[in-house]
Every structure is written in structure tokens, then in C-alpha cells.
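1. fold the following for me, if possible:
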Amino acid sequence: TGQPLTGHNSTVYAVACTQLDGHPTAITGARDGTIRLWNLTTGQPTGQPLTGHNGPVYAVACTQLDGHPTAITGSWDGTIRLWNLTTGQPTGQPLTGHNYWVTAVACTQLDGHPTAITGSWDGTIRLWNLTTGQPTGQPLTGHNSTVHAVACTQLDGHPTAITGARDGTIRLWNLTTREPTGQPLTGHNGWVNALACTQLDGHPTAITGATDGTVILWNLLSKKVVSRLLLPASCEAVAVSPTGTLVCAFGNDIAVLRRDHNGSSAV
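-> So this is what the prediction gives:
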């Protein structure tokens, strides 16, 4: 749709979407250390780039904070930053605690507080109260290497984080108790790079993509594989629409998959 959006000086690592002043808006983070906002109706940048990180921006998520649309970004510099998207200014001080690059960010509500869940090259997952800017509890540990992807959902009435890592596993975490939910999900033979959550046939479902070229749909209640797709290259990103359409990015290509009337996938 329209021309490519250009302005970053190097690799774009992260994208999230929100509404800003009534306009659908994309927020992008890149290797050049900047965050950019794009009006998706006009295809034009919104304001100046947001600067403050001292290295590549690997992760972006969006939420509402005190009534303001807010972006949360994670970087090579090991920090998480909050940005008021209306003013283009940082909100508070950077959040610090990870010992290495911050590679994944997701947002949820926890005990009535807006909360960010971050994953890092240090192998840990951290929870942050975005109102106070303070960590919530101790880091969640269990992965043996870099946490590349984080998503949030509700599972049996509990706020739950799903994480994917370089160790090839997917882990579920009860965010109320800060404990793992069941055993790790195994089935990929490579790094788990991509993760999204949805409802499929009434069941909470995770979609994971890995460097082995596989995309797996998991029933999060039974912890069983629903479907397995094989792509011709490493899966780098997945997204799912409210209608169940699955988008997978691999190599230089993008696949759009829709379920047919029999419940199987069709491209």
C-alpha cells in the first residue's frame, strides 16, 4: 500500500501499531538507535525521531499510560525507555536492571497497573510497573539463553506471559504468582524468534516461528501442537489478525495464510 516508508539509516528491528490523534500510526525501532512514528494514512513521518538510546532499538510495544499513548522500547544499551507519543518526549527515567541487550517487550495490565514484560540477551524476563517505573518482583528465570520474543494473554483467568528463546523452547509464566505454568513447549529445532497470541476455535493459542523455518500453533490449555507449517527460510516475525489470518515473515518474503472451511491453512 503506497511507497515504502524511509528515514531510518539502517536495519529496522521492531514495529508496533497504535492510534495517535485519531490516526493509525506505526512506531519503528532501528539499528540507528532512533524510534520513528509514521502516519499510516498519509505514509508520512509524524514529528522528529525519538532519540535517547545509546544503541540499536530491538523491541517496541505500545500502551496507554495516564491517558497518554505511550511507546515502550528496549535497546542494545540494556535499558527500557517510555515515550509520550503525543509530546514526543520521554516519560521518566530509563528502566534499568537487565545485564545485557533488551530484545523483547510486551505490555499488559497486572493488578490494575500498566505493566511491561521484557526479555533480554541475559536470558531473564522482567516485569515493570509503568506507573512507578519500578520492577515488579524478581526476574523470571528458566531459559538458557537470549529471550527473543514475548507476548501476553489470559490463561484460565490468569494474566500469562509467553516467551520464546534461543534455546528453542517456549515458556508460559503466571504473572500473578511469577511462576512457570507447566513444562516448556518443545518442537522447534532452532531459535524461537517470533511469537503471537490469539483465540482459535475458542482456545487460547500461541503462534511461534523459529530459525528452523517452522511455524507452530499451540493450544495453550492442552500444551499440544495444533498445526505445524514449514517455510523455506527462517521465520523472523509472525502476526495474526482478529479474523485469524496469519502473517509470517521469512527471508525476503511474507506469507499470508487464511484458514479454509475445513480448518486447514490456505495461502
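
2. okay, and the beta partners of the closest residue in space to residue 38 that isn't next to it in sequence?
-> What sits nearest to residue 38 in space, not counting adjacent residues and going by C-beta to C-beta, 6 or more residues apart in numbering, is residue 26, at 4.5 Å. C-beta: built from backbone N, CA, C; applies to glycine. In this entry, residue 26 is beta-bridged to residue 17, residue 38, by DSSP bridges.

3. how much space between the closest residue to residue 232 other than its chain neighbours and residue 257?
-> Nearest non-adjacent residue to residue 232, counting by C-beta to C-beta, 6+ apart: residue 213, 6.5 Å away. According to C-beta to C-beta, to the nearest Å, residue 213 and residue 257 sit 14 Å apart.

4. returning to what we had before: so the residue nearest to residue 232 makes contact with residue 228?
-> No. Using C-beta atoms under 8 Å, residue 213 makes no contact with residue 228, being 10.8 Å away.

5. can you pull out the low-pLDDT segments for the stretch 1-150 of the chain?
-> Residues of the stretch 1-150 of the chain meeting the criterion pLDDT under 70: none.

6. all strands for it, in order.
-> 12-20, 23-30, 35-39, 44-45, 57-65, 68-75, 80-84, 89-90, 102-110, 113-120, 125-129, 134-135, 147-155 (DSSP state E, counting those that start in this stretch).

7. need the residues that contact the second one.
-> Yep, that's strand 23-30 we're talking about. Here strand 23-30 makes contact (C-beta atoms under 8 Å, 6 or more residues apart in numbering) with 5, 8-19, 35-41, 46, 56-60, 62, 71, 73, 75, 85.

8. can you do 7 Å?
-> With contact meaning C-beta atoms under 7 Å, 6 or more residues apart in numbering, strand 23-30 is reached by 8, 10-19, 35-41, 46, 56-60, 62, 71, 73.

9. how about that strand: buried residues?
-> 25, 26, 27, 28, 29, 30 (16 or more other C-beta atoms under 10 Å).

10. confidence score at residue 267?
-> The model reports residue 267 with a pLDDT of 46.

11. and for residue 181?
-> 93.

12. give me the element the nearest residue to it once chain neighbours are set aside is part of.
-> Distances taken as C-beta to C-beta, 6+ apart put residue 172 closest to residue 181, at 4.0 Å, once the chain neighbours are dropped. Here residue 172 is covered by strand 170-174, with elements defined by DSSP states H and E.

13. could you tell me the angle between that strand and strand 147-155?
-> Angle of strand 170-174 versus strand 147-155, following axes from the mean of the first three to the mean of the last three C-alpha atoms, to 10 degrees, is 50 degrees.

14. so which elements touch the helix or strand that strand 170-174 is followed by?
-> Counting by DSSP H and E, the element after strand 170-174 in chain order, helix or strand, is strand 179-180. Under the contact criterion of 3 or more C-beta pairs under 7 Å, 6 or more residues apart in numbering; DSSP states H and E, strand 179-180 touches strand 170-174.
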